[in-house]
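Colleague: The following block contains a protein sequence and its predicted model.
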Amino acid sequence: MVLSWTKNKKGFGLVELVMAMLILSIALVGILNLMTYLVKAAQANREQIIALNLAREGIEMVRNVRDSNWLNGCPTWGGSCSHWTTAGGTATCCQWDSGINSAGDHTLALDFDATNNRYILNYTPTDFSSAGTILYQDSTTDLYVTSAYMTGGSPASEYKRLITIDFICRDADESNEQIIAAGDCGAQKKVGIQVTSAMQWNDGGSTLSLVDKLYNWK
């Protein structure tokens, strides 16, 4: 019996094995980086969607104040309408801009009173450094609220919201429309408001604003 073998069948050498492992490592690093990027992008999109909805809520709540005021209007536009700015206030004989006309103070935060299911307009905040702009996700209602009206315990969220209400003013002949960002309309007639609902999150690294004009439409 004669034993023989061929020497021309080559296997993987050390160099080839190292190169294969290097290529595989580079591919895995690329895949991991891509997955990390996708996770971060998904998180950023989620945060932006939440911020957008909170900004929309700010606009819609101010719109609701205007609309509700008309339902509580009086022919002589007298009486009291302090329920928008005072927790125990009344809601009788409201002017169309009651609660959203604070003379020279144009910045505010929204406080949600879950007990009475209504919003309170808090004119104390002047900018995002004010504690009143910080939103908390209430553990009881799962709503984003300010600390003043929390019903359950929860740490501060990363979101802050500041509402700015500027006045839309016109001359007596309905001409020369202007946006007044400080003070009131003076000799002009107030015909509406411009509402800016601004959001800030990621320690101020991310911002978003929505703007809408609401007129004295009735």
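Modeller: All right, it came through fine.
Colleague: And the helix or strand residue 208 falls within, what's buried?
Modeller: According to DSSP states H and E, residue 208 maps onto strand 206-215. Neighbour-count burial for strand 206-215 flags 208, 210, 214 (criterion: 16 or more other C-beta atoms under 10 Å). Placement of C-beta: from N, CA and C, glycine included.
Colleague: Could you list everything the second one pairs with in the sheet?
Modeller: Meaning residue 210. Per DSSP bridges, residues listed as beta-bridge partners of residue 210: residue 197.
Colleague: So for it, what pLDDT did the model give?
Modeller: Looking at residue 210, its pLDDT is 97.
Colleague: I'd like to know which elements the top strand by length along the chain is packed against.
Modeller: Counting by DSSP state E, the longest strand found in the chain is strand 156-170. Where contact means 3 or more C-beta pairs under 8 Å, 6 or more residues apart in numbering; DSSP states H and E, strand 156-170 is packed against helix 14-71, strand 107-113, strand 134-137, strand 178-180, strand 189-201.
Colleague: can you put these in CSV and add distance to residue 120?
Modeller: Shown next, in CSV, are the helices and strands packed on strand 156-170 (distance: least, C-beta to C-beta, whole Å):
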stretch, distance to residue 120
helix 14-71, 10
strand 107-113, 4
strand 134-137, 14
strand 178-180, 24
strand 189-201, 16
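Colleague: any chance of these in JSON lines, plus mean pLDDT?
Modeller: Shown next, in JSON lines, are the helices and strands packed on strand 156-170 (pLDDT from 0 to 100):
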{"stretch": "helix 14-71", "mean pLDDT": "85"}
{"stretch": "strand 107-113", "mean pLDDT": "88"}
{"stretch": "strand 134-137", "mean pLDDT": "91"}
{"stretch": "strand 178-180", "mean pLDDT": "90"}
{"stretch": "strand 189-201", "mean pLDDT": "94"}
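Colleague: Closest to residue 172 out of the buried residues of strand 206-215?
Modeller: residue 214 (21.3 Å; C-beta to C-beta).
Colleague: That closest one and residue 58, how far apart?
Modeller: Separation of residue 214 from residue 58 (C-beta to C-beta, to the nearest Å): 12 Å.
Colleague: Equivalent analysis for residue 102, please.
Modeller: 16 Å.
Colleague: Settle it for me: which of these two has more neighbours?
Modeller: More crowded of residue 102 and residue 58, by other C-beta atoms under 10 Å: residue 58, with 26 against 15.
Colleague: I'd say that one and residue 110 touch.
Modeller: Yes - counting by C-beta atoms under 8 Å, residue 110 is a contact partner of residue 58 at 6.1 Å.
Colleague: list residues touching both of those two?
Modeller: 161, 163 (C-beta atoms under 8 Å, 6 or more residues apart in numbering).
Colleague: Just the pLDDT for residue 185.
Modeller: Residue 185 is assigned a predicted lDDT (pLDDT) of 87.
Colleague: contacting residues for the closest residue to it other than its chain neighbours?
Modeller: Nearest residue to residue 185 in three dimensions, chain neighbours excluded: residue 169, at 3.8 Å (C-beta to C-beta, 6 or more residues apart in numbering). Residues in contact with residue 169 (C-beta under 8 Å, 6+ apart) are 177, 178, 179, 180, 185, 186, 188, 189, 190, 191.
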